[in-house]
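A.B. asks: Just to be clear, the model below is a prediction. Sequence and coordinates:
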Amino acid sequence: ETLRRLADIVQSSHDAIVATSPAGEITSWNPGAADLYGYVAEEVTGQPLEMLVPAERVQEDARMLSQALAGRRLEDFETEHRRKDGSTVPVSVTVSAMRDSRRAIVGASVISLVLFR
């Protein structure tokens, strides 16, 4: 019941909630991510998360993902992401390590919400 409720929360969220593998490949994509970025889950699953990042920001975002995958707690950060149509959007991003029942890091969760400037 608890897992089903958590899945309902993720699927109902207006925020983009994305899961990655330890290699940074997208493994899960909620409807909020589809709305924000313009891709459906089938288009992005297995693709590198950096597909959402403008070239000039790839190193910054990669560093944040790497730190999360190393188990570090990160502060939210503001950046820009790229949509399917090529436009950029200002976002606030939270990156956290995802852990299994043995506490081993199995990927990262990336939650993005649009910043209105």
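C.D. replies: Perfect, I can see it now.
A.B. asks: Now do the buried residues in the helix or strand containing L3.
C.D. replies: Using DSSP states H and E, L3 sits in helix 2-12. Under the neighbour-count criterion of 16 or more other Cβ atoms under 10 Å, helix 2-12 has V10 buried. (C-beta placed from N, C-alpha, C; glycine too.)
A.B. asks: Show me what the longest strand that the chain contains is packed up against.
C.D. replies: The longest strand of the chain (DSSP state E) is strand 88-99. If contacts are counted by 3 or more Cβ pairs under 8 Å, 6 or more residues apart in numbering; DSSP states H and E, strand 88-99 sits against helix 58-69, strand 77-82, strand 105-114.
A.B. asks: What ranges in the chain fall below the confidence cut-off?
C.D. replies: 117 (pLDDT under 70).
A.B. asks: about what we covered before: following the helix holding L3 in sequence, what is the next regular element?
C.D. replies: Taking DSSP H and E, what comes next after helix 2-12 is strand 16-20.
A.B. asks: Please list the residues outside that following strand that contact it.
C.D. replies: Strand 16-20 is contacted from outside by 10, 26-30, 32-33, 35-37, 49, 65, 91, 98, 107-113, using Cβ atoms under 8 Å, 6 or more residues apart in numbering.
A.B. asks: Buried ones among the residues you listed?
C.D. replies: By 16+ other Cβ under 10 Å, the contacts of strand 16-20 give 10, 26-30, 32-33, 36-37, 49, 65, 91, 98, 107-113 as buried.
A.B. asks: tell me the contacts of the closest residue to M98 other than its chain neighbours?
C.D. replies: Closest residue in space to M98, ignoring its immediate chain neighbours: G107 at 4.6 Å, by Cβ to Cβ, 6 or more residues apart in numbering. Each residue near G107 by Cβ under 8 Å, 6+ apart is listed here: A19, T20, S21, P22, T27, L69, A97, M98.
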